[in-house]
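Chemist: have a look at this prediction, sequence included:
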Amino acid sequence: MRVVRLRGDLLVGRMVRDADGRKAGRIHEMTIEPAAPGSTEYVVREFRLSGDGWLEALAGRELASALARRSGRPNGRTVSWEDLDLSDPVRPKLRRTIAELDAARAVSPARSPRGDAARS
Amino acid sequence: MSSLDLVHDVLDMQLVDRAGEKMGRVDGITLELRDGEPPRVAELLVGGTVLADRLGGWMVALAQLFAHVTGAKPVVTRVPFAVVQEISSTITLDAQGGATSALRTERWLDRIICRIPGSSDKSGKEQK
Amino acid sequence: MKKFGEIALGVVTSIGGFLEVGSIATSAQAGSEFGFQLGWAVLVGSVALMFLMEMSGRLSAVTTRTFADQLRERFGIRGFLLPLVAVLAVSFLVLSSEIGGVAIALQMATGVGFRVWALPIAFLGWLVLWRGTFGTVEKGAAMLGLVSIVFAIAAAALHPRWSSIAAGLVPSAPAHDRARYWYLALSILGASISPYLYFFYSSGAVEDKWTTEHLSVNRVTASLGNIFGGGLALMGVVVAALVFLPRGIRVERYEQLGMLLTPALHHPGFVFFLATLGITCFGTTLEITLSLAYVLAQGLGWTWSENLRPSRDSRFSTTYTITIFLAAIPILLGADVLKLTNVSMVLTAASLPLSVLPLIVLMNDREVMERHVNGIAGNVALVAIAIMSVVLFVVAVPLQIMGGG
């Protein structure tokens, strides 16, 4: 099995394009979970993409991520790990088109567990 | 700990060791891509050069210049994710800070500072 | 009862710590050129600072983390870098000015040129930080700073028309020198609302291990401390207005301020002025030095505390050591302290958006603040301050060019 290492933090802010080359949004968050119940190994389940609006461009992606998180992601989409092709980390690609992705989401509502780790 | 957000809950968070001593912040994260499996969170990275990578080319160049001028070797500390014990308002590691490379500069400076009078006295300061 | 003691101490500390080289210089210039007319700038500055300090104190009491911690953690290194560089650069200039203030006071007291005093002052400051605790700096220096109350005494002794002073608290257009007037207003705001202040206050809350139980102490300290402290700065304007304006004296060098308190208090007035200048600037030197080291250490995740032996937080203690000696160099080289003060005040005012805007996000984030998020009043104040800070940013350079005499 081929194993490739990359910098996860550098993925933040990278534009993701779909199978047709259309812009799908920029990565602004990655949700991780134990690989299996009780496992100490954590894996990335989902990537959250932000819109490519003026706020992101003006305020920087991390600030926009903070704001998006607070307002409940008004204009982003969630992508499962299977749908994201990171063979070229600088140019992440969706394995499907945006239309296919959104249609699939509409049928089975996204499971997007927010971080519920204790943050008191 | 169940599900977490990498950017919000892990990146840039304060690392502390078993004794509660600060060990720097999570400056970077290594993901491991495997065919047909979800990407694994492999390591947490600590270091000035790691930080510079996030700031762009000019910062990297600046960091390299600094290293060249001062002769300091940039230290990158790699913390396997399995070492993470708890993630809350800080990230606690099941490790001893002094034993890792994360506190190398701190310890090096400590050896110099110890020679300055008054640096290790109690004189009203808390014992730590 | 214990809480009352804490509050009293906090208020006294804030009053004693309010005046420093910037507020003394800007108040004196404003009074000597425009009488009581710029009183409103002192009022606006004090009120704005009150809100910002209360909020940074509340942030730290609720989260037990500092403002700098939150900036790095919430906005990442990219969102943190610009505020960091701005705070470090601007605070450094103010720090140099403060050292200059002490040096000038010593020059006026001894006749020995101010340049000679630069390194000894830095050394003394370093020694206090090296050997002292946070309590030494916070309380010790500020208590001594209470000598600045002499400004209020001098003002009262000159029997000013209090109604005229009150009139000056309402913004009005100047009869002459418009650019100069607004330039001084900008400088006063920069002198009052200094980011190092609320970064320091936030770090202090964590040094003193504040929790949600300290929220009322925080509110009272931040409000009364800054209102009374601002009142002292206002008295500086009043005294300068009554002493310099009738004589047509325009303040262009610190040495001229030696006669600020003598008409009211005679010879002791001279001594009291030197004591006020020297002590308040020295106290502020300690605060800013610590503040710079705090922000860097916290942003990068180093161990930090003024309550630790220097060898226990070596990067932090090395940082403040290098900082204070580096900041003494411009004074050693003979920089014009008044010009340096004015420029650093203007730059401080211009740099405000970088710390105020993120504060809006933080103070309304329920995950950070839980039920202690800003109410409507707090947000109205904060947005007003934010708008003002953006305006200041825009007009800073033009005003420095047109009005920076």
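Modeler: Thanks, I have the structure now.
Chemist: strands of the stretch 251-400 of chain C, start to end?
Modeler: Counting by DSSP state E, counting those that start in this stretch, the stretch 251-400 of chain C forms no strands at all.
Chemist: what parts of it come near chain B?
Modeler: C:300-305, C:307-315, C:317-318 (C-beta under 8 Å from any C-beta of the partner chain). For glycine as for every other residue, the C-beta is placed from the backbone atoms N, C-alpha and C.
Chemist: helix, strand, or coil at residue A:6?
Modeler: Three-state assignment for residue A:6 (DSSP: H, G, I helix; E, B strand; the rest coil): strand.
Chemist: quick check: the closest residue to it other than its chain neighbours vs chain C, distance?
Modeler: Nearest non-adjacent residue to residue A:6, counting by C-beta to C-beta, 6 or more residues apart in numbering or on different chains: residue A:89, 4.7 Å away. Here residue A:89 is placed at a distance of 18 Å from chain C (C-beta to the nearest C-beta, to the nearest Å).
Chemist: and residue A:89, which of the three is it?
Modeler: Put simply, residue A:89 is coil when judged by three-state DSSP.
Chemist: flag the shaky bits of the chain, pLDDT-wise.
Modeler: Reading this off chain A. For chain A, the stretches flagged by pLDDT under 70 are A:1, A:52-75, A:106-120.
Chemist: chain B is the one I meant
Modeler: B:1, B:121-128.
Chemist: can you give me the strands in it?
Modeler: Applying DSSP state E to chain B gives strands spanning B:4-5, B:14-16, B:22-25, B:28-34, B:37-46, B:77-80, B:84-87, B:91-93.
Chemist: which residue, other than its chain neighbours, is closest to residue C:210?
Modeler: Nearest to residue C:210 is residue C:61, by C-beta to C-beta, 6+ apart, at 4.2 Å.
Chemist: whoops, residue A:46 was the one
Modeler: Nearest non-adjacent residue to residue A:46, counting by C-beta to C-beta, 6+ apart: residue A:31, 4.5 Å away.
Chemist: can you list the strands that the strand or helix carrying the one you found pairs with?
Modeler: Element membership of residue A:31, judged by DSSP states H and E, is strand A:23-34. Paired with strand A:23-34 in the same sheet, following DSSP bridges, are strand A:15-17 (antiparallel), strand A:42-50 (antiparallel), strand B:4-5 (antiparallel).
Chemist: just the CA trace of that strand, in CSV.
Modeler: C-alpha atoms of strand A:23-34 as CSV (Å, rounded to 0.1, in the frame of the first residue of the first chain):
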residue,chain,number,x,y,z
LYS,A,23,-14.4,25.7,-8.1
ALA,A,24,-16.0,23.9,-5.2
GLY,A,25,-14.7,26.0,-2.3
ARG,A,26,-11.6,26.3,-0.2
ILE,A,27,-10.7,23.8,2.5
HIS,A,28,-11.2,25.5,5.9
GLU,A,29,-11.7,22.6,8.3
MET,A,30,-11.1,18.8,8.6
THR,A,31,-13.1,16.7,10.9
ILE,A,32,-11.3,13.8,12.5
GLU,A,33,-12.5,10.7,14.4
PRO,A,34,-11.1,7.6,15.9
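Chemist: burial of residue C:251, as a residue count?
Modeler: 22 (other C-beta atoms under 10 Å in any protein chain shown).
Chemist: name the residues of the top helix by length along chain B that are buried.
Modeler: Determined from DSSP state H, the single longest helix within chain B is helix B:57-70. Judged by neighbour count (16 or more other C-beta atoms under 10 Å in any protein chain shown), helix B:57-70 contains these buried residues: B:59, B:63.
Chemist: report whether that helix contacts chain C.
Modeler: No: judged by C-beta under 8 Å from any C-beta, helix B:57-70 stays clear of chain C, getting no closer than 8.5 Å.
Chemist: what is that helix packed up against?
Modeler: Applying 3 or more C-beta pairs under 8 Å, 6 or more residues apart in numbering or on different chains; DSSP states H and E, we find helix B:57-70 packed against helix B:48-55.
Chemist: buried ones in the helix it packs on, by neighbour count?
Modeler: Residues B:48-54 are the ones in helix B:48-55 that count as buried (16+ other C-beta under 10 Å).
Chemist: what of stretch A:2-17?
Modeler: By neighbour count on 16+ other C-beta under 10 Å, the buried set for stretch A:2-17 is A:6-14, A:16.
Chemist: what does stretch C:151-161 give?
Modeler: Neighbour counts over stretch C:151-161 (16+ other C-beta under 10 Å) mark C:151-155, C:157-158, C:160 as buried.
Chemist: check stretch C:247-265 too.
Modeler: The neighbour-count check on stretch C:247-265 (16+ other C-beta under 10 Å) flags C:251, C:254, C:256-258, C:260-265 as buried.
Chemist: work out the gap between whatever helix or strand residue C:122 lives in and the centre of the chain.
Modeler: Element membership for residue C:122 (DSSP H and E) is helix C:114-131. Chain-centre distance of helix C:114-131: 20 Å, with C-alpha atoms, centre = their mean, to the nearest Å.
Chemist: show me what it is packed up against.
Modeler: By 3+ C-beta pairs under 8 Å, 6+ apart, helix C:114-131 packs against helix C:67-110, helix C:267-300, helix C:314-332.
Chemist: average pLDDT across the second one?
Modeler: Spelled out, it's helix C:267-300. Summarised as a single mean, pLDDT over helix C:267-300 is 95.
Chemist: could you check how far residue C:146 is from residue C:361?
Modeler: Distance of residue C:146 to residue C:361, computed by C-beta to C-beta, to the nearest Å: 37 Å.
Chemist: next: residue B:7.
Modeler: 15 Å.
Chemist: who has more neighbours, these two?
Modeler: Taking other C-beta under 10 Å, residue B:7 and residue C:361 do not tie; residue B:7 has more neighbours (26 against 19).
Chemist: please look at the more buried one and residue C:76 and confirm they touch.
Modeler: Yes: when contacts are counted by C-beta atoms under 8 Å, residue B:7 is listed as touching residue C:76 (7.5 Å).
Chemist: pick the one among the buried residues of stretch A:2-17 closest to chain B.
Modeler: Nearest to chain B out of the buried residues of stretch A:2-17 is residue A:8 (C-beta to the nearest C-beta; 3.9 Å).
Chemist: I'd like the helices and strands packed on helix C:114-131 as CSV, with mean neighbour count appended.
Modeler: Putting the helices and strands packed on helix C:114-131 into CSV (neighbours: other C-beta atoms under 10 Å in any protein chain shown) gives the following:
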stretch, mean neighbour count
helix C:67-110, 23
helix C:267-300, 24
helix C:314-332, 22
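Chemist: redo these as CSV? Include distance to residue A:99.
Modeler: Shown next, in CSV, are the helices and strands packed on helix C:114-131 (distance: least, C-beta to C-beta, whole Å):
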stretch, distance to residue A:99
helix C:67-110, 32
helix C:267-300, 43
helix C:314-332, 53
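Chemist: do you know which of those lies nearest chain A?
Modeler: Closest to chain A of these, according to C-beta to the nearest C-beta: helix C:67-110, at 3.5 Å.
Chemist: what about the closest one, near chain A?
Modeler: Yes: for helix C:67-110, a contact with chain A is found by C-beta under 8 Å from any C-beta, at C:74-76, C:78-79.
Chemist: what's the most distant pair in the residues you listed?
Modeler: With distances taken as C-beta to C-beta, the most widely separated pair in those is C:74 and C:78, at 11.9 Å.
Chemist: get me the contact residues on chain B for chain A.
Modeler: Residues of chain B lying near chain A (C-beta under 8 Å from any C-beta): B:1-11, B:27-42, B:45, B:53-54, B:81-82, B:87-89.
Chemist: those, buried ones only, as a ChimeraX selection?
Modeler: Of those, the buried ones go into a single ChimeraX selection, burial set by 16+ other C-beta under 10 Å:
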select /B:1,3,4,5,6,7,8,9,10,11,27,28,29,30,31,32,33,38,39,40,41,42,45,53,54,81,87,89
